[in-house]
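In: quick one, structure for this:
(chains A and B)
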Amino acid sequence: MTIQRRTVLKGMAAAGASLGVSAKIASPALAQGAPFKIGLMTVKTGPLAQGGIQMEQGLLTFLKEKNNTLGGRKVELVVADTGGNPAGAKTKAQELVERDKVNVILGPLAAFELLAITDYILQTKTPLIAVAAAEDVTQRKANPYIIRPTTTSAQCCHVMADYALKELKLKRAATISEDFAFGHEQMAGFQRVFEEGGGKVVKKLWPPLVTPDYTPFIAQIGNVDMVFSGFAGSNPVKFMRAYADLGLAAKTPLMGGWTFMDDALLKSLGDEALGVLSGSSYSSAFESESNKRLVAAMAKDYNSLPGGYASGMYIGGMCVESALAIAGDKSTDGTAFAEALHKIKLEESPRGAFTIDARGNAVGAVFVRKCEKKNGQLVNTVVKTYPNVSQFWTYPEDEFLKNPVYSRDYPPAKNLEN
Amino acid sequence: MNLWLVLAINSITLGGLLFLLSAGFSLIFGLMRIPNLMHGSFFMLGAYMGSTFLAKGFGFWPAALASAASMAVLGGLVERFLLRRLAGQELAQVLLTLGLSFIIADACLMVWTGDPIQPSTPPDLRGAIIRSGLVFPIYRLAIVGVAIAMAIALWLLIDKTRIGAMIRAGVDDAPIARVVGIKVSQLFTLVFCLGAALAAFAGVVGSPYLSIYPGLDAEMLPLALIVVILGGAGSLPGALLGSFIIGFLYNFGQAMFPDLAYVILFVPMVLVLVLRPQGLFGRVAL
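Out: Model (predicted):
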């Protein structure tokens, strides 16, 4: 564990923990006092539950592996179910901070939940490690108490646009995604890179979040080289089946962001998903030691394959461990711990090496994956790795931030056809 | 040009599925005078059960029938042991069905986890019909066939049998039906079983293209509600017509005015409520 070696002072305690020796004996100074409290905000009921359950499983896997001891300190986990809505997120955040007095919050799952609590997080100086993708939380309205070790909405979509243009030489695209912020930001990121590189987005379709049948939308796609999609939750499963049923899968390549082809969805998909390309900061097939442990433990304990949510929270746990080592005795001070979170530099994680930029978002590899069948099972095989991808893609940060945040209408679509 | 044809065919298939879902809802609404807010749950739970039967090696249609049968039992139990205790208290009955729908949703989450499940299309009905560059999946056309067969069977049941006559009498005027010796409370149980079974059957039939996931119940319930308000509670022709109207409005609305998709869906319902509250085929309650 390279992170731990870097901090010499607490090195003994950390090394003790990773060797499985009781850290309490190795480092009495740190082990004394109350346990370090982690609050997990997740969703265990309703339509977002699949991702939420994965989040909890990912974090539990990490803590079990560490025997609930991080950097020589006992860790206590408090799990809160927000119900997947902003009001619930707000209530649970207050409970975690005021009643349970947690030292750090992991989660919540959805962008609108995160946006509902960012002011409160700032006010109460509670460090938070997010998976929700809302761009501005780590951009124009960067919150010094929040880091995101996964990706922004558009981070992987920039990559996919580049891949479609340069590797596949595709020029005409249609985009389709849910009509809400996460979808808008993903499609906007794709469109910007794709059109600046000489491609054209000729159709943008926005089905409502709740759409029992996608056929009316798919029928409108028309004559394009590719379709880019940003569906999330269980919607990709429905969409891909309808897309194949209408005969498009054989004709027009389908690509998407990470939620569109999350590894956790693979067991719900059939042959209609073969050949679909997706961009993600995580791949369950990634060969790193911690990822192998995560995949093996999830298979054993939960009979499931970790996707972006599970790995995101496993990595979130690693971030807590790393920040504990950096902040040391000051870890219970919210501001000091948040500063430590921003200094994290993990060289080994389930997504590989990554760092946290000044605004709190991860800079790390993004994988382009292709869905294939191996031994009768669907897998996302990595076909290309883009190293060190930042949330600003290749644009200079200050120039990127001068533009309005990605939205349904920004950047404007100039090439739409009917 | 092609777009319109695909939309039209898809409208008919969605209409067929909606009819399977809402026929039972309409009968329950008409007879018991309560909107059964568990109807979406019957649909979802039925679909989940169907997926389990499929996984256990049942064929597609046997799985659908087995799921319908088990849901009929559940519907009967709910009516006999819970709703009947609240006889006459319609608000309490509605709230009970709402509460049960939450319980079923969470139970499904526990048993089948949150992972979406998408059963494969029955082998004989895979593939698509291709005519002049236009592709249309065979399975969806088969749904229309199933819906039509079911409509005929229900029509025979309601219009031509003694039980059907009793149900119609109950829908028209329950107190008088009681006076002439019809055991209306037994009809309640029967209709609830039938409604639950139909919803479960629809759930299994719809699952290969809708897929099954937490929240499916809440997506289907409003559609059933609109269909029945449009067509008139307790009327099978009403449910049939309402289903196809909604099928067309849904498909063309989403394609032409995606931003207004829900407005287009609900405006006819509002108009019907204002201008003809009993629905297109409903009778004025006495």
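In: give me the neighbour count for residue A:214.
Out: 23 (other C-beta atoms under 10 Å in any protein chain shown). Glycine gets a C-beta too; all of them are placed from N, C-alpha and C.
In: these two touch, right, it and residue A:207?
Out: Yes: look at residue A:214 against residue A:207 with C-beta atoms under 8 Å: they come within range, at 6.3 Å.
In: what's the single longest helix in the chain?
Out: Picked chain A for this. Taking DSSP state H as the criterion, chain A has its longest helix at helix A:308-327.
In: actually, chain B is the one I wanted.
Out: Chain B, longest helix under DSSP H: helix B:2-32.
In: just the mean pLDDT for it, thanks.
Out: For helix B:2-32, mean pLDDT is 89.
In: that one near chain A at all?
Out: Yes: judged by C-beta under 8 Å from any C-beta of the partner chain, helix B:2-32 and chain A are in contact via B:2-3, B:6-7, B:10, B:14.
In: quick one: stretch A:39-56 to chain centroid distance?
Out: 14 Å (C-alpha atoms, centre = their mean, to the nearest Å).
In: ends of it, what's the gap?
Out: 11 Å (C-alpha to C-alpha, to the nearest Å).
In: is any residue of it near chain B?
Out: Yes: counting by C-beta under 8 Å from any C-beta, chain B is contacted by stretch A:39-56 at A:44-47, A:49-53.
In: now which of those would you call buried?
Out: Buried positions within the residues of stretch A:39-56 next to chain B, assessed by neighbour count (16 or more other C-beta atoms under 10 Å in any protein chain shown), are A:44-47, A:49-53.
In: just the buried subset of the residues of helix B:2-32 next to chain A, please.
Out: Counted by 16+ other C-beta under 10 Å, the residues of helix B:2-32 next to chain A give B:6-7, B:10, B:14 as buried.
In: quick one, the helix or strand hosting residue B:159 and helix B:2-32 angle?
Out: Assessed by DSSP states H and E, residue B:159 sits inside helix B:138-160. Computed by axes from the mean of the first three to the mean of the last three C-alpha atoms, to 10 degrees, the angle separating helix B:138-160 from helix B:2-32 equals 30 degrees.
In: which other helices and strands contact helix B:138-160?
Out: helix B:2-32, strand B:128-131, helix B:162-172, helix B:184-210, helix B:236-256 (3 or more C-beta pairs under 8 Å, 6 or more residues apart in numbering or on different chains; DSSP states H and E).
In: which strands or helices does the longest helix of chain B pack on?
Out: helix A:215-218, helix B:39-55, strand B:134-137, helix B:138-160, helix B:162-172, helix B:184-210, helix B:216-231, helix B:236-256.
In: closest to residue A:319 out of the ones you listed?
Out: helix B:216-231 (35.3 Å; C-beta to C-beta).
In: hey, what's the angle from that closest one to helix B:39-55? Just curious.
Out: Relative orientation of helix B:216-231 and helix B:39-55, computed by the same axes, to 10 degrees: 130 degrees.
In: how far does helix B:216-231 sit from its chain's centre?
Out: Centre to centre, stretch against its chain (C-alpha atoms, centre = their mean), the figure for helix B:216-231 is 8 Å.
In: and the nearest residue to residue B:147 once chain neighbours are set aside, what does it touch?
Out: Using C-beta to C-beta, 6 or more residues apart in numbering or on different chains and skipping residues adjacent in sequence, the residue nearest residue B:147 is residue B:16, 3.3 Å away. Residue B:16 makes contact with B:143-144, B:146-148, B:243, B:247 under the criterion C-beta atoms under 8 Å, 6 or more residues apart in numbering or on different chains.
In: buried members of the residues you listed into ChimeraX, please.
Out: Buried members of the contacts of residue B:16, defined by 16+ other C-beta under 10 Å, are picked up in ChimeraX with:
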select /B:143,144,146,147,243,247
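In: which two in the contacts of residue B:16 are spaced the farthest apart?
Out: Applying C-beta to C-beta across those, the maximum distance is between B:146 and B:247, 14.7 Å.
In: got the residues of the stretch 251-400 of chain A near chain B?
Out: A:264-265, A:267-270, A:304.
In: now a PyMOL select for only the buried ones of those residues.
Out: One line in PyMOL is enough to select the buried members of those, burial here meaning 16+ other C-beta under 10 Å:
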select buried, chain A and resi 264+265+268+269+270+304
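In: what is the burial count for the residue nearest to residue B:241 when sequence neighbours are not counted?
Out: Leaving aside its sequence neighbours, residue B:241 sits nearest to residue B:231 (C-beta to C-beta, 6+ apart; 5.6 Å). By other C-beta under 10 Å, 29 other residues sit near residue B:231.
In: could I get the average pLDDT for stretch B:260-269?
Out: So the average pLDDT for stretch B:260-269 ends up being 84.
In: how much space between the residue positioned nearest the centre of chain A and chain B?
Out: Nearest residue to the geometric centre of chain A (C-alpha atoms, centre = their mean): residue A:150, 3.9 Å. According to C-beta to the nearest C-beta, to the nearest Å, residue A:150 stands 19 Å off from chain B.
In: before we move on, what about residue A:122?
Out: Look at residue A:122 and chain B: by C-beta to the nearest C-beta, they are 31 Å apart.
In: I figured that residue hits residue A:137, correct?
Out: No: counting by C-beta under 8 Å, residue A:137 is not a contact partner of residue A:122; they are 10.9 Å apart.
In: mind listing the shared neighbours of the two?
Out: With C-beta under 8 Å, 6+ apart as the test, residue A:122 and residue A:137 both reach residue A:143.
In: okay, the two: which has more neighbours?
Out: More neighbours surround residue A:137 than the other of residue A:122 and residue A:137, with 25 against 15 (other C-beta under 10 Å).
In: wait, isn't the more buried one in contact with residue A:112?
Out: No: in this structure, residue A:137 is not within contact of residue A:112 by C-beta under 8 Å, at 11.5 Å.
In: give me the local confidence score for the nearest residue to residue B:71 once chain neighbours are set aside.
Out: The shortest distance from residue B:71 to any non-neighbouring residue, by C-beta to C-beta, 6+ apart, is to residue B:200 (3.5 Å). Residue B:200 carries a pLDDT score of 97 in this model.
In: just to revisit the earlier point, dump the buried ones among the residues of stretch A:39-56 next to chain B to JSON lines, plus secondary structure.
Out: Output for these, formatted as JSON lines (DSSP: H, G, I helix; E, B strand; the rest coil):
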{"residue": "A:44", "secondary structure": "coil"}
{"residue": "A:45", "secondary structure": "coil"}
{"residue": "A:46", "secondary structure": "coil"}
{"residue": "A:47", "secondary structure": "coil"}
{"residue": "A:49", "secondary structure": "helix"}
{"residue": "A:50", "secondary structure": "helix"}
{"residue": "A:51", "secondary structure": "helix"}
{"residue": "A:52", "secondary structure": "helix"}
{"residue": "A:53", "secondary structure": "helix"}
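In: just put those residues in JSON lines and tack on pLDDT.
Out: Converted to JSON lines, these look like this (pLDDT from 0 to 100):
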{"residue": "A:44", "pLDDT": "86"}
{"residue": "A:45", "pLDDT": "79"}
{"residue": "A:46", "pLDDT": "73"}
{"residue": "A:47", "pLDDT": "73"}
{"residue": "A:49", "pLDDT": "85"}
{"residue": "A:50", "pLDDT": "87"}
{"residue": "A:51", "pLDDT": "91"}
{"residue": "A:52", "pLDDT": "93"}
{"residue": "A:53", "pLDDT": "92"}
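In: I'd say residue B:128 and residue B:135 touch.
Out: Yes: shown here, residue B:128 and residue B:135 form a contact pair, counting by C-beta under 8 Å, at 4.9 Å.
In: spit out the contact partners of residue A:228.
Out: Residue A:228 touches A:157, A:160-161, A:164, A:173-176, A:187, A:190, A:194, A:255-256, counting by C-beta under 8 Å, 6+ apart.
In: domain map for chain A?
Out: For chain A, the domain assignment from automatic domain parsing gives the residue ranges A:2-126+A:287-350, A:155-284+A:365-402.
In: all helices of the stretch 251-400 of chain A, in order?
Out: A:289-302, A:308-327, A:334-342, A:397-402 (DSSP state H, counting those that start in this stretch).
In: in TSV, list the ones you listed along with mean pLDDT.
Out: As requested, these are exported to TSV (pLDDT from 0 to 100):
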stretch	mean pLDDT
helix A:289-302	96
helix A:308-327	96
helix A:334-342	96
helix A:397-402	95
